[in-house]
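Trainee: Sharing a model prediction with you, sequence too.
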Amino acid sequence: MRAALPLALIGRAVLRGLGSAGRVAIFAGSALAHILRPPLYPREFAIALLNIGWLSLPVVGLTAIFTGAALALQIYSGGARFSAEAVVPQIVAIGMVRELGPVLVGLMIAARVTSSIAAEIATMKVTEQIDALVTLSTRPMSYLVAPRVLAGLLTVPLLVACGDVIGILGGYLVATKSLGFNAAAYLVNTLDFLEPLDIVSSLVKGAAFGGIAALMGCYFGMHSGRGAQGVGRATKASVEAAAVLILAANFVLTGVFFSL
């Protein structure tokens, strides 16, 4: 009996994990179905666009520019050991566009937007506003979830594009002002090294990460417990789930785009 206890605990944990994954998958399918199905709520969609897109731009820009600047310094310092300092423009460009830009923007959105969505919807559930929507024959999936998920799918790729450009700009400023690179040569090397697939992969990752971030906020908000503790747990769990899923999705998408 004692020997079987650890196996039973592992089995229960696996079953709970599979059950949670199934519930999230069903929720995601329902959310995507409601995006394509009327009624639509343009006002809620516009508010979500503002909150997810425009209001996230300052933190995305600051994160990207400092990351690009630090990346240039690190590559220059590491390359100096092998007399390869000249590769700074190329590595900064590919590092920001392929990986750091999408991932950092996705994590910033998870920290800022996912938590906000989860707290907002969980509070609406606690105060019975979601029940009131149902009473008024308004589907919560159409009114609360679909506009936010659609906004995440559309705006985060734009944020990723801005983050890529700003990150490359941060590396450019450090390289030309502190490391002695020629400005024109730096830009030429950056543009020559990037390929269309790099940019496409970055934007696709942005769309996937935006959808994950918004979806996790909505899911945990809609399934939160009662009371202030329920709202807190839902907010924490949503950010954790979004961050882990974004990193996992980044691995999968990187393999899809760049596996040999």
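Mentor: On my side now, so go ahead.
Trainee: so what's Phe209 closest to, chain neighbours aside?
Mentor: Gly106 (3.3 Å; CB to CB, 6 or more residues apart in numbering). C-betas here are computed from N, CA, C, even on glycine.
Trainee: Listing request: residues of the stretch 1-150 of the chain with sub-threshold pLDDT.
Mentor: 1-4 (pLDDT under 70).
Trainee: coming back round to it: what sits against the residue nearest to Phe209?
Mentor: Each residue near Gly106 by CB atoms under 8 Å, 6 or more residues apart in numbering is listed here: 156, 160, 205-206, 209-210, 212-213, 246, 250.
Trainee: ok, which stretches of the stretch 101-250 of the chain are helices?
Mentor: Applying DSSP state H, counting those that start in this stretch to the stretch 101-250 of the chain gives helices spanning 101-109, 115-126, 129-135, 140, 146-177, 183-193, 196-222, 227-258.
Trainee: Determine which stretch of those helices is the most buried.
Mentor: Stretch with highest mean neighbour count among the helices of the stretch 101-250 of the chain: helix 101-109 (a mean of 25; mean count of other CB atoms under 10 Å).
Trainee: Skipping its backbone neighbours, what lies nearest Ala69 in space?
Mentor: Gly170 (4.0 Å).
Trainee: I'd assumed Leu62 was in contact with that neighbour.
Mentor: No: using CB atoms under 8 Å, Gly170 is not in contact with Leu62; the gap is 9.8 Å.
Trainee: how close does the closest residue to Leu247 other than its chain neighbours sit to Ile26?
Mentor: Closest residue in space to Leu247, ignoring its immediate chain neighbours: Val103 at 7.2 Å, by CB to CB, 6+ apart. Going from Val103 to Ile26 by CB to CB, to the nearest Å gives 27 Å.
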